[in-house]
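J.: Kindly return the folded structure for what I paste below:
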Amino acid sequence: MTLPSHVPVLIAGGGPVGLMLAALLAEYGIASLTVEADDDYCSGSRAICISRRSQEIMGWAGADRPLTATGLAWTGGRSYYRDREVLHFEMPHDPLQRYAPMVNIQQYAVEEYAHQAMQRHPELAALQWSARVAGLRADADGVTVEVDSEGRRQTVRADWLIACDGGRSTVREAMGLKLEGMQYEGRYVIVDIEQESQRPVERLAWFDPPSNPGSTLLMHRQPGNVWRVDYQIRDDEDPEEAVKPENVLPRVQSHLDMIGETAPWKPLWISIYNAKCLTLDSYRHGRVLFAGDAGHLVPIFGVRGLNSGLDDAGNLAWKLAWVLKGQAPDSLLDSYSVERVHATRQNLAYGAKSTEFMAPPDYGFRLMREAALRLALVDDSVRPLINPRQSAPISYDTSPLNLEDRAPLAGAAAPGQPAPEALLQEGETPRHLSEYFGAGFVALAFSPDAALGAGLEALAASTRNTPQPLRVLRVGAGGLRDTHGQLAQRFGGDAGTVYLMRPDGYVLGRWAAPSANVLLAALKPYYPSIDLNANKEGQA
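T.: Residues are numbered from 1 along each chain as shown. Presented below is the predicted three-dimensional model:
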């Protein structure tokens, strides 16, 4: 296949982050070419726990429907010390929420669904298998990329290059950049097995189980009657020997026997892993941007790896679209790096704590973990120490995009925070607030008076000819109904309160009783042509 000589966006790496980014850009009307070194989706389960936030991001491109239909939802888990339960935890959730806190599904399925979402816009999102970046030259106006594909080298000029090519990123290496941080020595063998089971879908963990003395072992059910089993090997075990079937299968069988899973089973995939807490200092280097494992490696404990990569894609897609559509200067992309490096450092802090408990790096940590586990057998107050903090959306408290908080008493949703979910009523149709995200900016107005209401409609009308117009959500008479009181609880419901939300569902600013001119000034950096002189049709 002959590759195009020029593309607005070249994405290096067709894993879940690269494919999802391409699908999101296509939703914004941005063309991209994704090159992937492999000839198909990944093998083995790899990243398996998809968070509520990631499901929402996938929903912006329609990739959530097959995921939630196929994946196994879960809300909690159990931990055992030897053969006794020491923790049963539940993640926050309620029946009115749009998505489950977590869904178990194999990474190759996430890649397939993201690819399917790309194919909704075949004129915009192209994918070339068996193609890899071989070199690049970046300048002030773009990047010239050498791509090896089908036995020949081709040159592609891109306005922007996005490195989504994983932990061994070719782009990162070509630019002479290095991930900084720490790597843990503790290794885990990862095994997928096929076995029928009626056990509930939970996160299961055993510390020093009789089946594998001295080890830590994790289990997750996956679609297709698949168990994902992770177990720690001793420091003195040879990693190459540890993944040989003759050494893996007896350990798995011993544990299945211990927990009473007696159905026939067979191995599907075996790999090995050790935790890393690494990141680049910046995810923007001129016209080259980094996302996912190419920019950061986060421990699997607490399921922040793939989820943080999908959050990168959700943050970057709208900003890059705004720049390419000429609605914002390319300095907007600096905020991508600021926000997502901030998120990574928080994820690394939590991931390090989880790793130090799941794979203690030295005798002192092992001693403290042993003490916590023993105490948890007899003291319920100690049990929360065993609970890993699961992936959660990060607040961008120091983002340069945040506007001054002009309604500090309104509720929890301050500028820089992800907008809380709420189930609303639009006419006769129930709608979640998150369904309105993923396109343009959103103004949420509580019972606006006539002047404010008219101003909001005029602002929305003046953006109708832009690629992603402003959407106004009015709560109160003639608008959305807060049937369950969730908006009032989570946003504050005083008449005249207005929230502006970014396309990725983060709060840009909020005001107790703003004038239309105040909102105009807040939106002007993202809608340069916005004004209050909408025609009569727009005001109707």
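
J.: so where is this structure shaky, pLDDT-wise?
T.: By pLDDT under 70, the weakly predicted segments of the chain are 388-391, 534-540.

J.: and the longest helix for it?
T.: helix 332-358 (DSSP state H).

J.: What is that helix packed up against?
T.: Helices and strands touching helix 332-358, by 3 or more Cβ pairs under 8 Å, 6 or more residues apart in numbering; DSSP states H and E, are strand 180-194, strand 266-279, strand 284-285, strand 288-290, strand 296-297, helix 305-324, helix 363-376. Yep, even glycine has a C-beta here, placed from its N, CA and C like the rest.

J.: So what are the sheet partners of the third one and their directions?
T.: In its sheet, strand 284-285 lies beside strand 288-290 (antiparallel), with partners assigned from DSSP bridges.

J.: Could you pull out the helices in this structure for me?
T.: Counting by DSSP H, the helices of the chain are 16-27, 52-59, 64-70, 107-118, 170-174, 239-242, 245-259, 305-324, 332-358, 363-376, 450-462, 486-491, 516-523, 536-539.

J.: among these, which is the most enclosed?
T.: Greatest average neighbour count among these goes to helix 16-27 (a mean of 29), per mean count of other Cβ atoms under 10 Å.

J.: so how far is that helix off the chain centroid?
T.: 12 Å (Cα atoms, centre = their mean, to the nearest Å).

J.: what's the spacing between residue 263 and residue 197?
T.: 7 Å (Cβ to Cβ, to the nearest Å).

J.: If you count surrounding residues, which of those two has more?
T.: A side-by-side neighbour count of residue 263 and residue 197, using other Cβ atoms under 10 Å, places residue 197 first with 17 against 11.

J.: Can you tell me the closest non-neighbouring residue to that one?
T.: Of all residues not flanking residue 197 in the chain, residue 261 sits nearest, at 5.8 Å (Cβ to Cβ, 6 or more residues apart in numbering).

J.: do residue 47 as well
T.: residue 306 (3.5 Å).

J.: Hmm, that neighbour is touching residue 50, no?
T.: Yes - Residue 306 is in contact with residue 50 according to Cβ atoms under 8 Å; the separation is 7.4 Å.

J.: any residues in contact with both of these two?
T.: Residues touching both residue 306 and residue 50 (Cβ atoms under 8 Å, 6 or more residues apart in numbering): residue 110.

J.: Contacts made by stretch 481-499 with the rest, please.
T.: Contacting residues not belonging to stretch 481-499 are listed as 96, 407, 409-413, 419-425, 433, 443-449, 452, 456, 475-476, 507, 509-514, 519 [Cβ under 8 Å, 6+ apart].

J.: now with 6 Å?
T.: With contacts defined as Cβ atoms under 6 Å, 6 or more residues apart in numbering, stretch 481-499 is touched by 407, 410-411, 413, 420, 422-423, 425, 444-447, 475, 510-514.

J.: Check the gap between the residue nearest to residue 47 and residue 110 for me.
T.: Distance, residue 306 to residue 110, using Cβ to Cβ: 7 Å.

J.: what's the overlap in contacts for these two?
T.: Here residue 306 and residue 110 have residue 16 as joint contacts, going by Cβ under 6 Å, 6+ apart.

J.: I'd say residue 356 and residue 365 touch.
T.: Yes - in terms of Cβ atoms under 6 Å, residue 356 counts as a neighbour of residue 365; the distance is 5.3 Å.

J.: ok so, going back, and the helices and strands packed on helix 332-358: which comes nearest residue 14?
T.: Of all these, helix 305-324 sits nearest to residue 14, with 12.7 Å by Cβ to Cβ.

J.: Helix 332-358 and that closest one, what's the angle between them?
T.: With axes from the mean of the first three to the mean of the last three Cα atoms, to 10 degrees as the basis, helix 305-324 and helix 332-358 are set at 180 degrees to each other.

J.: list the helices and strands helix 305-324 packs on?
T.: Judged by 3 or more Cβ pairs under 6 Å, 6 or more residues apart in numbering; DSSP states H and E, the packing partners of helix 305-324 are helix 16-27, helix 52-59, helix 332-358.

J.: Output these as TSV; include the columns distance to residue 171.
T.: Listed next are the helices and strands packed on helix 305-324 as TSV, based on distance: least, Cβ to Cβ, whole Å:
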stretch	distance to residue 171
helix 16-27	11
helix 52-59	23
helix 332-358	15
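
J.: Which among the ones you listed is found nearest to residue 33?
T.: Closest approach to residue 33 among those (Cβ to Cβ): helix 16-27, 8.4 Å.

J.: got the contact list for the closest one?
T.: Residues contacting helix 16-27 (Cβ under 6 Å, 6+ apart): 11, 32, 34, 61, 110-111, 114-115, 117-118, 121, 124-125, 164, 291-292, 306, 309-310, 313, 317.

J.: what's the spacing between residue 35 and residue 213?
T.: Distance, residue 35 to residue 213, by Cβ to Cβ: 47 Å.

J.: what do you get for residue 151?
T.: As judged by Cβ to Cβ, residue 151 and residue 213 stand 52 Å apart.

J.: Looking at those two now, which is surrounded by more residues?
T.: Taking other Cβ under 10 Å, residue 151 and residue 213 do not tie; residue 213 has more neighbours (9 against 6).
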